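[1] Next comes the sequence, and after it the predicted model I'd like to discuss.
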Amino acid sequence: MIKGIKGVKDILPEETRRWRVIEETARRWADRYGFQEIRIPIFEVTTLFARSIGAATDIVEKEMYTFPDRDGTSLTLRPEGTAGTVRAFIEHNRAADPLPQKYFYIGPMFRHERPQAGRLRQFHQFGVEYFGTQDPKADVDVIALLWRFLSDLSLPDLTLEINSLGTTTDRAAYLPVLVSFLKSRAGQLCDNCQRRLETNPLRVLDCKVPGCRTATEDAPHLVSHLSPEAKGHFDDVLSTLTVLNIPFRINPRLVRGLDYYCLTAFEITSSHLGAQNAVGAGGRYDGLVELLGGPATAAVGFAAGLERIAMMLQEQRLPPPMPSVYVAAFGSEGRPAGVRLLDALRQAGLSAQSDYRATTLKGHLRQADRSGSRFAVLLGDDEATSGSAVVRNMDSKVQETVALSDLPRYFLALIKGF
Ligand code: HAM
């Protein structure tokens, strides 16, 4: 037997109801905030991700699915959606159109991580990207959209963590201070962080290894080294969140695993998720459009992990399935009448089904029960000849006779009441 790939899951019909609720809620909130859907490719040239996310990040160093195309070009399955959206924004010269512009996407992403609960190699994100304004209110719009979306789904115990990564100049001034601190503690750092000390020192701050956490407890915080400009931006974001009654916790260690961020960085976590506790995360990335060859364009966005949301979505948030009608047709006259009736019900907008293998009333009723149908139409030769059939309520077992031609209208009226 050929099996699926580790960390790459099938989403079976029992779960897709949950996924539809999540995706429909995401689209509704994106619409409300004026974000328009963009569909970007699943794979791109490798340099797009290496340049955007950063060569010294975990994603680029060890998590990308990269393969040569037939002509040797190196291609990569997208590990996230920001780089592709920015590439499309530049390629289609969107910056020449009126700004700001707001895009959202829903789709699969690929990272070669060690699979565990809430961490997959193919996972799905709902993401938004807001181009063309530096105003801190845009940061808040993006954060609020994520917060309202997750709250609408009644996800439990959400915490918004937020930090400022300063401007490029702020970071350049802060890094030597951090590096000299880290060097003084180098002996206590894990092997990975010893290496990060040279390649990506900021990431040492969010290493999950307990020894590294203790060693960096008193590390100088970037948030205390902000320029007046960056501090003003951060304060504005925080005060606007307060105005909107969105609770937050400043986390000076929050640095994010992608290099394109500046100023605001945030994550929404839930204590219900275990080790992989980030439901969604994002931040500002004012330099990325220019870095990828476009005109300087401020931008901010987030992405939320749909598997993690699905894990937390409670059963009562799911709408009941659409009531359906089971057509129990038997006999040489009844069967063709049943096929016509199924078609008429479906064309009227109803959900109607049958099991063509069943030949007896008993067999049909068993299948009607199994399919969870609310009603069954009993349609044998006599009924087909007389032009009427027996409608059975599967719960109450009450039956009544209805003309075949009236059935679509009859069920539409009944089902509207549910
Ligand atoms: P990210 O923090 O790498 O950011 O991912 C965002 C979310 O995707 C995470 O919070 C998590 O819920 C989900 N996620 C990430 N990796 C996995 C995985 N292996 N399995 C399951 N879920 C996962 C970004 O991707 C940025 N592009 C966000 C952004 C958009 N920033 C600005 N605009």
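    Thanks, I have it.

[2] nearest spatial neighbour of His364, skipping sequence neighbours?
    Nearest non-adjacent residue to His364, counting by CB to CB, 6 or more residues apart in numbering: Ala328, 3.4 Å away. Yep, even glycine has a C-beta here, placed from its N, CA and C like the rest.

[3] roughly how far apart are that neighbour and the ligand?
    44 Å (CB to the nearest ligand atom, to the nearest Å).

[4] same thing with Phe302?
    To the ligand, Phe302 is 5 Å away according to CB to the nearest ligand atom.

[5] what does whichever strand or helix holds that residue contact?
    Per DSSP states H and E, Phe302 falls inside strand 299-305. With CB atoms under 8 Å, 6 or more residues apart in numbering as the test, strand 299-305 has contacts from 26, 80-82, 85-86, 118, 123-132, 138-139, 142-143, 145-146, 149-150, 264, 266, 268, 278-286, 288-289.

[6] near the ligand, from those?
    Contacts with the ligand within the contacts of strand 299-305, counted by CB under 6 Å from any ligand atom: 80-82, 118, 123, 125, 127, 129, 278-283, 285.

[7] Give me the lowest-pLDDT entry from those.
    Least confident by pLDDT among those: that is Gly118, with 93.

[8] give me the number of residues near the closest residue to that one other than its chain neighbours?
    Excluding the flanking residues, the one nearest Gly118 by CB to CB, 6+ apart is Gln276, at 3.8 Å. Other residues near Gln276 come to 17 when the count uses other CB atoms under 10 Å.

[9] residues touching Gln276, list them.
    Remark: with contacts taken as CB under 8 Å, 6+ apart, Gln276 is in contact with Gln116, Ala117, Gly118, Arg119, Arg308.

[10] can you pick the most crowded of those residues?
    Ranking those using other CB under 10 Å puts Arg308 first, with 26 neighbours.

[11] which element follows the strand holding Phe302 toward the C-terminus?
    For strand 299-305, the succeeding helix or strand toward the C-terminus, using DSSP H and E, is helix 306-312.

[12] packing partners for that next one?
    In terms of contacts (3 or more CB pairs under 8 Å, 6 or more residues apart in numbering; DSSP states H and E), helix 306-312 is packed against helix 13-32, strand 122-131, strand 278-284.

[13] give me the element the residue nearest to His364 is part of.
    Assigned by DSSP H and E, Ala328 falls in strand 324-329.

[14] try Leu99
    Here Leu99 is assigned to no helix or strand, by DSSP H and E.

[15] Could you give the number of residues near it?
    So Leu99, with other CB under 10 Å, has 14 neighbours.

[16] mind checking how far the spatially closest residue to Tyr410 that is not a sequence neighbour is from Thr242?
    In space, and not counting its chain neighbours, Tyr410 is closest to Val402: 5.3 Å by CB to CB, 6+ apart. Noted for Val402: a distance of 60 Å to Thr242, by CB to CB, to the nearest Å.

[17] Have a look at these two and say which one is more surrounded.
    More neighbours surround Val402 than the other of Val402 and Thr242, with 15 against 11 (other CB under 10 Å).

[18] Who is the more buried one paired with across the strands?
    Using DSSP bridges, the bridge partners assigned to Val402 are Ala389.

[19] Where do the helices of the stretch 301-418 of the chain begin and end?
    306-312, 334-347, 361-370, 381-386, 407-416 (DSSP state H, counting those that start in this stretch).

[20] List the buried residues in the helix or strand containing Pro108.
    Assigned by DSSP H and E, Pro108 belongs to strand 101-110. Neighbour counts using 16 or more other CB atoms under 10 Å place Gln101, Lys102, Tyr103, Phe104, Tyr105, Ile106, Gly107, Met109, Phe110 of strand 101-110 among the buried residues.

[21] wait, does it contact the ligand?
    No. Shown here: strand 101-110 not in contact with the ligand (CB under 6 Å from any ligand atom), separated by at least 7.0 Å.
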